[in-house]
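1. Build me a model:
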Amino acid sequence: MQWGELHNIWLMILLVVVIYLSITVYQWRERIKKTFTDKELFPFVFPITSSKRYGFKIIAFCLALFLIVIALMDPLYGDREVKVKREGIDMVFLLDLSTSMNTQDVAPSRLDKATKLITETLHQLGGDRASLVAFAANAYTVSPLTNDYAAIESYLQNVNTELISSQGTNYLNAIQEATKSFKGAANSSKLIVLISDGEDNEETVSQAAKIAKDQGIYILTVGVGTQKGGPIPVYYNGYAEDYKKDQAGNTVISHLEEKNLRELAKDTNGMYIRLDNTQEALSEISRYKARLEKNEISNSTTRDMNHIYQWFLAVAVGLLFVELLTSEYKIFNKKKK
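-> Model prediction:
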């Protein structure tokens, strides 16, 4: 036999204390009776108790408490096969790694805010499978569809805009790479969560939306950044040493371009969210995801031990019921004729 809640064993100490107090109270009560009453008058003043009945009540009560403690420790016995069905959707996090995501118009930066949102979303997933795809001008699958959310989180800790040498923003390449993750996947709802500042250097939004729509893929877009925008830091060996300049030598200001993101979401029956507050964005994502149809993604068999606490609890309740109905008294004030 094993125990599911062995930490409740400390209740045994409490049980010993209760038993000790029960016996002490009974002994004290008997001493008080004998102190204030003449022995010859004792039967006429106090009910006549049966020591056997009282002993039975004490034993039944203490045994019931003991069994309750055993039940709280969740005894496990034997084993059984348990079929585990995993239901959910397949979703791809499509993360923009173009240099404009280094802009710090939102703290600490657009990219940091985006990766935090993905991490927090992973913490809320249940049976859903997730994938991570990074893109700029080109796109690459960082993690295929998996239930190993910790692996995706570890990848997120190392992503940066230097991972993709071909810079720019191409939504067509990004969506095409994301759709590869769904090939061979279960017949479940498919969702792309695209997080970007909305800049599209190649003007491929319409083509990208058509590819997703034709395959029954929903796109939920998340815009990160501000309308005011900010300069784009240029990093050398991990340190920001300058800001991106245009051909005339002027500092480039990157703005949040919501139009492209709204169009992608609308054309695929998705939803657009502006990432101002992480918790509010999480709630919006959860509400949208809850509307999608969930199907069985995987079916596996595992072995589990049987929980038998209910038997101990049932016997304990029976003993308490018997203890309650059992009277410790024999006859009250009955004279001999």
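2. Show me where the stretch 101-250 of the chain has its strands.
-> In the stretch 101-250 of the chain, the strands defined using DSSP state E, counting those that start in this stretch lie at 129-135, 139-146, 190-196, 217-223, 230-231, 233-236, 239-243.
3. Just send the ones you listed back as JSON lines, with distance to Ile308 and mean pLDDT too.
-> In this view, the C-beta of every residue, glycine as well, is placed from N, C-alpha and C. Output for the strands of the stretch 101-250 of the chain, formatted as JSON lines (distance: least, C-beta to C-beta, whole Å; pLDDT from 0 to 100):
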{"stretch": "strand 129-135", "distance to Ile308": "35", "mean pLDDT": "94"}
{"stretch": "strand 139-146", "distance to Ile308": "36", "mean pLDDT": "92"}
{"stretch": "strand 190-196", "distance to Ile308": "42", "mean pLDDT": "95"}
{"stretch": "strand 217-223", "distance to Ile308": "46", "mean pLDDT": "95"}
{"stretch": "strand 230-231", "distance to Ile308": "63", "mean pLDDT": "93"}
{"stretch": "strand 233-236", "distance to Ile308": "61", "mean pLDDT": "82"}
{"stretch": "strand 239-243", "distance to Ile308": "62", "mean pLDDT": "81"}
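4. The one helix or strand Leu94 maps to - which strands sit beside it in the sheet, and in what orientation?
-> Per DSSP states H and E: Leu94 is located in strand 90-96. Partners of strand 90-96 in the sheet, by DSSP bridges, are strand 129-135 (parallel), strand 190-196 (parallel).
5. quick check: domain ranges of the protein?
-> 2-79+305-325, 90-293 (automatic domain parsing).
6. Out of those, which gets the lowest mean score?
-> The minimum mean pLDDT among the domains of the chain belongs to domain 2-79+305-325 (a mean of 76).
7. Please tell me how far the residue lying closest to Arg274 once chain neighbours are set aside sits from Asp197.
-> Spatial nearest neighbour of Arg274, chain neighbours left out: Gly223 (4.9 Å); criterion: C-beta to C-beta, 6 or more residues apart in numbering. Using C-beta to C-beta, to the nearest Å, Gly223 is found at 7 Å from Asp197.
8. Compare the two and say which is more crowded by neighbours.
-> Asp197 (28 against 25; other C-beta atoms under 10 Å).
9. mind listing what the spatially closest residue to that one that is not a sequence neighbour touches?
-> Once flanking residues are discounted, Asp197 sits nearest to Gly225: 4.3 Å by C-beta to C-beta, 6+ apart. Gly225 is in contact with Ser100, Thr103, Asp105, Val106, Arg110, Asp197, Gly198, Ser254, His255, Leu256, counting by C-beta atoms under 8 Å, 6 or more residues apart in numbering.
10. Kindly report the same for Ala316.
-> Ala316 neighbours (C-beta under 8 Å, 6+ apart): Leu63, Ala64, Leu65, Leu67, Ile68, Ala71.
11. Am I right that it is in a strand?
-> No. Ala316 is assigned helix when assessed by DSSP: H, G, I helix; E, B strand; the rest coil, not a strand.
12. ok, the closest residue in space to it that isn't next to it in sequence - contacts?
-> Excluding its sequence neighbours, the residue lying closest to Ala316 (C-beta to C-beta, 6+ apart) is Leu67, at 3.8 Å. Listed by C-beta under 8 Å, 6+ apart, the contact set of Leu67 reads Phe312, Leu313, Val315, Ala316, Leu319.
13. so which of the residues you listed comes closest to Pro233?
-> Leu313 (63.5 Å; C-beta to C-beta).
14. so the residue nearest to that closest one when sequence neighbours are not counted is in which element?
-> What sits nearest to Leu313 in space, not counting adjacent residues and going by C-beta to C-beta, 6+ apart, is Ala71, at 4.3 Å. For Ala71, the host element (DSSP H and E) is helix 51-72.
15. I'd like the distance from that helix to the chain centre, please.
-> Here helix 51-72 is found 40 Å from its chain centre; the criterion is C-alpha atoms, centre = their mean, to the nearest Å.
16. List the beta-bridge partners for the residue nearest to Arg274.
-> Applying DSSP bridges, one finds that Gly223 bridges with Ser196, Arg274.
17. Numbering from 3 from now on, please.
-> Yes, from this point I'll number from 3; that puts the last item at Gly225.
18. just the domains of the chain: most buried one?
-> Ranked by mean neighbour count, these are led by domain 92-295 with a mean of 18 (mean count of other C-beta atoms under 10 Å).
19. between the strands of the stretch 103-252 of the chain, which gets nearest to Arg276?
-> Using C-beta to C-beta, those put strand 219-225 closest to Arg276, at 4.9 Å.
20. what comes into contact with that closest one?
-> In contact with strand 219-225 (C-beta under 8 Å, 6+ apart) are residues 116, 119, 177, 180-181, 184, 191-200, 211, 214, 258-260, 263-264, 266-267, 270-277, 283, 287, 290, 294.
21. Just the C-alphas of it, formatted as CSV.
-> Provided in CSV are the C-alpha atoms of strand 219-225 (Å, rounded to 0.1, in the frame of the first residue of the first chain):
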residue,chain,number,x,y,z
ILE,A,219,-6.3,28.4,-40.2
TYR,A,220,-7.3,31.2,-37.9
ILE,A,221,-4.8,34.1,-37.4
LEU,A,222,-4.9,36.0,-34.1
THR,A,223,-2.6,39.0,-34.5
VAL,A,224,-1.0,40.9,-31.6
GLY,A,225,0.4,44.3,-32.2
